[in-house]
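Engineer: With the sequence up front, the predicted model follows.
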Amino acid sequence: MKKLVALILALAMVFCLTATAFAAEGQTEPARFVIRSNSNKENKTENDKIKAMIEEKSGIDFEVIVVAENTWNEKINVMIAGSEKFDTLNLTANAGVWSTYASNGALQPYTEEMLNNYLPHVKAMIPDEAWIPCKDANGNIWALPRHESFTAGRVPSIRTDWLKKLDMEMPTSLEQLEAYFEAVKTNDVNGNGDPNDEYGYIPYFQSLFAGPLHLYYLGTQGECNLSDKFLDEDGTVKPWYMHKNAWALISKAAEWYQKGYINQDYLTMTNETANDQGAADRIGMCSGWYNMGLQGTERIMNSNPDAGVTWAAIPNFNDAVSGVAAWGGNPAYMAEVALSATSEDPQWALKLIDWIYSDEANYMLATYGIEGDHYILSEDGKMFKQPEGATDRYMLEYQLLEWYDYDKYPEPYFGEDSGWRAYTAYQMRNQIDEGIKAIPSWDYYIPYDLNGTEAEFLTDDAQTLIQEAMEKALVGQLTEAEWNETVNTAWEIDGQIRSAVWTEQYHAFTDPK
Amino acid sequence: MQSGRPVSRKTRWERFKAAMWEYRWLNLMVIPGFFFFILFKYVPMYGIIIAFKNYKGAAGGFQAIASAPWIGLKNFEIFFKSLYCARIFKNTIWISLLRLVFSFPAPILLALMINEVRSNVFKRTVQTITYMPYFLSWVVVAALLNTLLSPDNGAINAMIQLRGGSTVYFLTSKSWFRPILIISEIWKNIGYGSIVYLAAITSIDQEQYEAARVDGASKFQQIIHVTLPELSNIIAIMLILQIGKMFDDNFDQIYNLYSPSVYEVADVFETYIYRNGIQQSKFSYSAAIGLVKSVIALAMILFTNWASKKLDTDGLF
Amino acid sequence: MGCSEEGIMMKVKKNRTLNSPGEHIFLFLNDLILILLCIVMIYPVLFVLARSVTPELERALHPLRIFPSSFDFTGYVFIFSSGSNIVNSYRTTILRTLIGTAVNMALTLLLAYPLSKKYYRPRKVLTGLIVFTMWFSGGLIPSFLLNKSLGLLNSFWVYIFPCAVNPFNLMIMRNFFQQIPDSLDESAKLDGANDLRVFWSIYLPLSTASIATLTLFYAVFHWNMWFDSMLYMNRKEMWTMQYTLRQLIDSATVTDIATVGTAMDNIPPAETVRMATVVVATVPILCIYPFLQKYFVKGMLVGSVKG
């Protein structure tokens, strides 16, 4: 009997000792962060090492649950419906939209107490305007914002070496751009003996209608889908196809397609096929993101450094039909880290995020890795370089709140020795910063939510209708009259209902109280 | 007093127990598998009510489903009033018919052909090679088809242009899309599909072939009069199951190959559910359409089963 | 006459009886068509293989070439160097395929046999109930809730139990059992065997072709599964190989476009990775079929009861 008691006491002591070896005082479970997978950062070889270092230095245990973007909806829906326990949700895969999750009861708002007690450094770091896309009409905060590294991204880019070969100037109007396309089409610009294999324009990410032309005609940054809208003169919010210039946009795109300015496989193209065409030196201009053209043509430069491929961003066109002389971009701040309703004790997750931003050394560890090993600081500490292979070993995985403020933290160094693609992109970013205007979607910060409104039961019939009409128009099989008819049908079955809800929610958010 | 009919000595319950005892081994064998069905298939069946409720995947698990508001037949109403309802039905039925006429017999033909091969080595090689394409996912096959049929510098168009023709936009053409669907499906599935029939052929009694040969039947006639009738049962089962899958199974292939230009000939139940259900997290709506699909499929199965029994095969049940 | 012996299998001698000229032509055409078919089938497979090792620039310039002039293994390096999760995933998938197929086959055979017996009274009801589940199901979320309450979340067994019996395969097996003559069953029973013994000693040995077929079907099913891994498994080490590869491609192609061209940019060409993925995922399972082919032998029942 005595032996038994002794054994039990010994076990109890061992248990207590090991229990304290766990995490910080009171933490019973590791903090769980649900993040999206991208750029392969979750498969780097030294992730575990960095994670161990973060846990040790901060005293907080945590784990990340990685979800692929193409299965994001299914996975998150099932996690929410099944009341899975986790602490935060990274909304970037959902374009920063928290409203649908909130109305589903999946999130809990951040209270003042949480911000003051657990997130003092983060709170101090975030400027007032960054909270706008994170709040609802009543001022509740539903997410922590992210700081975008480079916002003016949807700027079209052009092959300046081709411009030189054709003896043309950088186009500053649509007419000049079309003249460039015509020249590319008729001349053998890439010098392979075939004058017909070059294309003036390849739109990545299906940006033929959603890219530069969208801003040129409609004046807004949008994707021509069900949530693409504009503010009409009468104060109502309407779907994009109701805009008076919508047909002009479509017929211009169709004109370009039929004249052969655009790659003929546009309707079935993927980014990979476009990159291949770039590698075969057949692209004269591209849109989608400012540096998409670099991916394909990089292969030419890698195999022949004297090939002389150069790209530059296209300046704003002042003759825009919409009157808006700008290209598209992303907002500087977007909602990112939302708090799950199933999180019973969010203090650990929030404290960890705050720890990252409490000191530059912590930030650099979580974002770039170990100093001297994964990155090397410059002498003034304002820039850093990455040694060869560093990005294979660690890259961004535990940067739990994405904040790229290069005034506050060291920025990456770029020079001629950074490689042709990186250096050209850097030069283009400078060029854009200096003189090219890019605007984000005009209402990105409004938390629209169709749940509980008459628009809740709408299907995607209108989207199908419009998309089919657009593709028909592209190949020249749709007249303006038919387009107007299609628009009317779409408005009747779908557009007017959505418009009513949007208008109401827009004014509820923006009208002074 | 005696009645005309003999009276059973045992009660119903005792007869039942006797029957269960008589089949005790069979009962034992049935239990593990059947238990699985009850647990994993029938317990979650309550989810069918989601089609009649406005459930949005709210947090709370089963409570959330139970407390979601009832909306009765509203989802069905929306579906049948949709602009594209008729088109979806038409496309699904058309494509399935094409599959039944072309894709269904193809593996049978292949099995018959492979069976006639004399050399064992050649036979095994053919079997292995033809079954390879099944393992390429539709994502990969779609990418390959895109490259092959590209209007830009695809091989087929290059050959057409050599002969002076003009570019054909295969994958966005309403007239070419369905044939491409069928041909690529046959290419991908013919080898794997023939395995079942090959297995069935190996269990045919060789004596029947001997008897036919003695009667003077040629190879061809032997196939018609010996092989095919012996295969009729398995063919009937596969046919019934295939018809049941008519409304499913379209998704991967069509989703990876289609685009709005061909929605008119290619938009089917599964793709519609994907766009309206999964992408927008509309659980109720997709559950409702799924239910429509299931009811129709069941009706078709019952009909085909009845028909196949009339034709003297075992049928499904 | 009731003189019966148990059926035994015999390999058929190669039939060397004379064929008429008509038959010669028939066989020749048969072989020719099969050869053409094989060429059509194998070309795309070789194409995928070639693409997985062709340098990017060459592939862009010569899209249809099968024999690259130089080899570029970055796709494979990328897959196998990435944090070594691929090794874990391979192990998970192989385990899953072995254990899962064994469980599948055991349950399917046990369930199919009674359903194939016409004298088994519950047969129709049970078959109906099973077939009903092929079209009617509760949906994704109720299944998820069930699996969660059974404790299968994040456990290896979520790969085995929820898909233990496939009704489609079950019906096929039942049909194969039905093809075996009932007389064998009856005569064995007369000799005093019970159902279990008949099943084990008579029906199973006679069904090697169908057992091989279904084993292949189930093995391929398990090998290709990624969806349940995505839904139920949060731990990377227990992902199936198909899901790991899929996520690898998705992650490599979905970039934080803001980081392209910046310090964080390091994406290998997506096409090479994708094709290498296909090869890595497919080659092992392709090798199973040739091993199972020896079961597809023409059988012969000797001394059966016909007459």
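Structural biologist: Perfect, I can see it now. Numbering: from 1, shown residues only, chains lettered A, B, ... in the order given.
Engineer: if I look at the residue nearest to residue A:183 when sequence neighbours are not counted, how far off is chain B?
Structural biologist: Taking C-beta to C-beta, 6 or more residues apart in numbering or on different chains, and ignoring the residues beside it in sequence, residue A:183 has residue A:166 as its nearest neighbour in space, at 4.8 Å. (Each C-beta comes from the backbone N, C-alpha and C, glycine too.) To chain B, residue A:166 is 22 Å away according to C-beta to the nearest C-beta, to the nearest Å.
Engineer: so how many other residues sit close to residue A:166?
Structural biologist: Using other C-beta atoms under 10 Å in any protein chain shown, residue A:166 has 17 other residues around it.
Engineer: contacting residues around it?
Structural biologist: By C-beta atoms under 8 Å, 6 or more residues apart in numbering or on different chains, the contact list for residue A:166 reads A:180, A:183, A:184, A:187, A:189.
Engineer: Specify which member of those residues is nearest to chain B.
Structural biologist: Nearest to chain B among those is residue A:184, at 15.4 Å by C-beta to the nearest C-beta.
Engineer: so after the helix or strand where residue C:42 lies, what's the next helix or strand?
Structural biologist: Element membership for residue C:42, per DSSP states H and E: helix C:21-53. Per DSSP H and E, the first helix or strand lying C-terminal to helix C:21-53 is helix C:56-61.
Engineer: quick one on the thing from earlier: export the contacts of residue A:166 as TSV, with columns for secondary structure and distance to residue A:340.
Structural biologist: As requested, the contacts of residue A:166 are exported to TSV (DSSP: H, G, I helix; E, B strand; the rest coil; distance: C-beta to C-beta, whole Å):
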residue	secondary structure	distance to residue A:340
A:180	helix	51
A:183	helix	56
A:184	helix	52
A:187	coil	58
A:189	coil	54
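Engineer: got the phi/psi numbers for residue A:35?
Structural biologist: Backbone torsions for residue A:35, taken as degrees, to the nearest 10, come to phi -130, psi 170.
Engineer: contacting residues for it?
Structural biologist: Residue A:35 neighbours (C-beta under 8 Å, 6+ apart): A:64, A:65, A:66, A:67, A:90, A:400.
Engineer: Check the residues you listed one by one and keep those near chain C.
Structural biologist: Among the contacts of residue A:35, the residues lying close to chain C (C-beta under 8 Å from any C-beta of the partner chain) are A:65, A:66.
Engineer: Drop anything exposed from the contacts of residue A:166.
Structural biologist: A:180, A:183, A:184, A:189 (16 or more other C-beta atoms under 10 Å in any protein chain shown).
Engineer: pLDDT for these - can I get that in CSV?
Structural biologist: Formatted as CSV, the buried ones among the contacts of residue A:166 follow (pLDDT from 0 to 100):
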residue, pLDDT
A:180, 95
A:183, 94
A:184, 93
A:189, 88
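Engineer: How about the residues of the stretch 1-150 of chain B by chain A?
Structural biologist: Checking the stretch 1-150 of chain B against chain A by C-beta under 8 Å from any C-beta, the hits are B:54, B:56-61, B:64, B:74, B:78, B:82-84, B:143, B:146-147, B:150.
Engineer: What's the PyMOL syntax to select whichever of those are buried?
Structural biologist: Those of the residues of the stretch 1-150 of chain B next to chain A that count as buried under 16+ other C-beta under 10 Å are selected in PyMOL with:
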select buried, chain B and resi 54+56+57+58+59+60+61+64+74+78+82+84+143+146+147+150
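Engineer: Let's see which of the residues of the stretch 1-150 of chain B next to chain A end up in helices.
Structural biologist: Counting by DSSP state H, the residues of the stretch 1-150 of chain B next to chain A place B:61, B:64, B:74, B:78, B:143, B:146, B:147 in helices.
Engineer: list the contacts for residue A:184?
Structural biologist: A:162, A:166, A:198, A:199, A:200, A:261, A:284.
Engineer: Now the residue of chain A found nearest chain B: which helix or strand?
Structural biologist: Residue of chain A nearest chain B, by C-beta to the nearest C-beta: residue A:467 (4.0 Å). Assigned by DSSP H and E, residue A:467 belongs to helix A:461-474.
Engineer: what's downstream of that helix, the next helix or strand?
Structural biologist: helix A:480-490.
Engineer: picking up where we left off before, helices or strands up against the helix holding residue A:467?
Structural biologist: In terms of contacts (3 or more C-beta pairs under 8 Å, 6 or more residues apart in numbering or on different chains; DSSP states H and E), helix A:461-474 is packed against helix A:246-258, helix A:480-490, helix B:263-266.
Engineer: quick check: angle from that helix to helix A:480-490?
Structural biologist: In terms of direction (axes from the mean of the first three to the mean of the last three C-alpha atoms, to 10 degrees), helix A:461-474 departs from helix A:480-490 by 170 degrees.
Engineer: that older thread, just checking the helix holding residue C:42 against chain B, any contact.
Structural biologist: Yes: judged by C-beta under 8 Å from any C-beta, helix C:21-53 comes into contact with chain B through C:22-23, C:26-27, C:30-31, C:33-34, C:37-38, C:40-42, C:44-45, C:47-48.
Engineer: can you list the helices and strands packed on helix A:461-474 in a markdown table and add mean neighbour count?
Structural biologist: Below are the helices and strands packed on helix A:461-474 laid out as a markdown table (neighbours: other C-beta atoms under 10 Å in any protein chain shown):
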| stretch | mean neighbour count |
| --- | --- |
| helix A:246-258 | 19 |
| helix A:480-490 | 15 |
| helix B:263-266 | 21 |
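Engineer: Nearest to residue A:428, out of those helices?
Structural biologist: Closest to residue A:428 of the helices and strands packed on helix A:461-474, according to C-beta to C-beta: helix A:246-258, at 23.5 Å.
Engineer: packing partners for the closest one?
Structural biologist: Helices and strands touching helix A:246-258, by 3+ C-beta pairs under 8 Å, 6+ apart, are helix A:207-210, helix A:212-218, helix A:461-474, helix A:480-490.
Engineer: Kindly indicate which of the contacts of residue A:184 lies nearest residue C:98.
Structural biologist: Ranked by distance to residue C:98 (C-beta to C-beta), these are led by residue A:199 at 51.5 Å.
Engineer: just to revisit the earlier point, could you identify the most distant pair in the buried ones among the contacts of residue A:166?
Structural biologist: A:180 and A:189, at 10.3 Å, using C-beta to C-beta across those.
Engineer: Any chance you could list residues touching both of these two?
Structural biologist: Common neighbours of residue A:180 and residue A:189, using C-beta under 8 Å, 6+ apart, are A:166, A:284.
Engineer: Report how many residues lie close to the residue of chain B found nearest chain A.
Structural biologist: With C-beta to the nearest C-beta, the shortest gap between chain B and chain A falls at residue B:260, namely 4.0 Å. Using other C-beta under 10 Å, residue B:260 has 20 other residues around it.
Engineer: gap between the closest residue to it other than its chain neighbours and residue A:209?
Structural biologist: Leaving aside its sequence neighbours, residue B:260 sits nearest to residue A:467 (C-beta to C-beta, 6+ apart; 4.0 Å). Relative to residue A:209, residue A:467 is positioned 10 Å away (C-beta to C-beta, to the nearest Å).
Engineer: ok, these two, which is more surrounded?
Structural biologist: Ranked by neighbour count (other C-beta under 10 Å), residue A:467 and residue A:209 place residue A:209 first, with 24 against 18.
Engineer: which residue sits closest to the more buried one, ignoring its sequence neighbours?
Structural biologist: Residue A:209 sits nearest to residue A:224 (C-beta to C-beta, 6+ apart), 4.7 Å away.
Engineer: Helix, strand or coil: sort out that neighbour for me.
Structural biologist: coil (DSSP: H, G, I helix; E, B strand; the rest coil).
Engineer: Other residues contacting the helix or strand where residue C:214 lies?
Structural biologist: Take DSSP H and E as the rule and residue C:214 turns out to sit in helix C:208-224. For helix C:208-224, contacts defined as C-beta under 8 Å, 6+ apart pick out B:134-135, B:195-196, B:198-200, B:202-203, C:9, C:93, C:96-97, C:100-101, C:104-105, C:108-109, C:159, C:163, C:166, C:169, C:172-173, C:176, C:204, C:242, C:284-285, C:288-289, C:292, C:295-297, C:299.
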